[in-house]
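Enquirer: here is my input; please provide its structure:
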Amino acid sequence: MACLVLIFGGVEGAVGNAFMLTEPARTPAQSAPLLDEVLVTGERPGPGMWRVSKGGHDLWILGTLEPLPKGMIWRSGTVEAQIAASQIVLAPPRVSADIGFFRGLTLLPSLLRARSSPDHETLEQILPHDLYMRWLALRVKFLGGGSGDERMRPMVAALDLYSHALDQSGLTSDERVWEEVERIARDRHVRIEPVTLNLKISDPKGAIHDLDQIPRNSEIACLQTTMERLETDLGPMRQRAVMWAQGDLGGLRAANYPDERIACLDAFFSVPELRAQFSRAKEGLIDKWLAAATQALDQNVSTFAVLPIRELLEADGWLARLRAQGYTVQEP
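Expert: The predicted structure follows:
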């Protein structure tokens, strides 16, 4: 059986007791970094962990941030000690859509079609001229001077451009903080509890076919917002990494930047069936994590968990639901 794994929440997080940021190695042929060096090298205290308590039992939550510099070496004595003192570590919540190996193979032609514009027009034909010229400049900057795939649909072009821009700018969306937490837990023989919502897709080919129903204007808005972020936010991305490492939660709360995910999700969910499926999955995932968290709190003196900082900083987010259930929540 094969699983298609979807990760919800987009990660922006907090915590690390010490960290080191280093410049990624470059070959002589590579150009200078595209971003000014705003990150310090050395150890800095990270913010404390969120603490959820009831009846003498504690849940310690480590936030995560994305993107982070490729050359960052993250380590935390406080986090390591807290993991070692815990009886269980809750993994980041995920949705797993089991489509089966053989059924998954039948999706490949549909997936390929979903990457291209349904009417086979090029981006130059689809986009307003000024927007196309901006996309062209960013494509040359981050993808090189090749012609590229001009028949990509705007949403796919946005994803392709964003991933290459992060890579070229020395940033990564890898789950390096969770990977370090996982390593520590295994080294200390602390049980890791997956938090996975199994989502059954009765008609996966039909779900992918629904992508053709996304309005073109919504896809263009997704690409435009992604471009705006790349034009204005690559430097601040690194600054937020410093805030994360230094424990500046106030700075992270105040950070304002164009969020391409909102525009791209709006485009994706303009199809009623896709919106309904995601809504069910998101609510199911929240319920799944809250159930795992409350069960762990009831059964263990100390539990450790990892969540995106976006969820932790929201006034009506997942922590608010725990407060409503009578748990005490302490911020760092």
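
Enquirer: quick check: residue 209 vs residue 95, distance?
Expert: As for residue 209, its distance to residue 95 is 20 Å (criterion: C-beta to C-beta, to the nearest Å). Using the backbone N, CA and C atoms, a C-beta is placed for each residue, glycine as well.

Enquirer: wait, I meant residue 223
Expert: 25 Å.

Enquirer: out of the two, which sits in the busier spot?
Expert: When residue 223 and residue 95 are compared on other C-beta atoms under 10 Å, the one with more neighbours turns out to be residue 223, at 30 against 19.

Enquirer: so that one is in contact with residue 154, correct?
Expert: Yes - if you go by C-beta atoms under 8 Å, residue 223 and residue 154 touch, sitting 4.1 Å apart.

Enquirer: quickly list what's touching both of these two.
Expert: By C-beta atoms under 8 Å, 6 or more residues apart in numbering, residue 223 and residue 154 have these common neighbours: residue 127.

Enquirer: buried stuff in stretch 149-163?
Expert: 151, 152, 153, 154, 155, 156, 157, 158, 159, 160, 161, 162 (16 or more other C-beta atoms under 10 Å).

Enquirer: the fourth one contacts residue 226, correct?
Expert: No - Residue 154 is not in contact with residue 226 according to C-beta under 8 Å; the separation is 9.2 Å.

Enquirer: can you give me the offset of the helix ranked longest in the chain from its chain's centre?
Expert: Determined from DSSP state H, the single longest helix within the chain is helix 272-299. Centroid separation for helix 272-299 versus its chain: 17 Å, with C-alpha atoms, centre = their mean, to the nearest Å.

Enquirer: let me know the average pLDDT across the next helix or strand after it.
Expert: Once the chain leaves helix 272-299, the next helix or strand it forms, by DSSP states H and E, is strand 302-308. Confidence for strand 302-308, expressed as mean pLDDT, is 95.

Enquirer: quick one: contacts for residue 230?
Expert: Going by C-beta under 8 Å, 6+ apart, residue 230 touches 138, 142, 161, 162, 165.

Enquirer: following the host helix or strand of residue 83, which helix or strand shows up next?
Expert: Per DSSP H and E, residue 83 falls inside helix 77-84. Note on helix 77-84: by DSSP H and E, the next helix or strand toward the C-terminus is strand 88-90.

Enquirer: any idea of the mean pLDDT for that following strand?
Expert: Mean pLDDT, strand 88-90: 98.

Enquirer: what sits up against it?
Expert: Contacts of strand 88-90 (C-beta under 8 Å, 6+ apart): 83, 181-182, 185, 190-193, 195, 289, 292-293, 296, 300, 303-306.

Enquirer: tell me the strands beside it, with direction?
Expert: strand 191-193 (parallel), strand 302-308 (parallel) (DSSP bridges).

Enquirer: so which of these gets nearest residue 125?
Expert: strand 302-308 (37.5 Å; C-beta to C-beta).

Enquirer: show me what secondary structure element comes after that closest one.
Expert: helix 309-313.

Enquirer: show me what that following helix packs onto, helices and strands only.
Expert: Helices and strands touching helix 309-313, by 3 or more C-beta pairs under 8 Å, 6 or more residues apart in numbering; DSSP states H and E, are strand 57-64, helix 249-254, helix 318-324.
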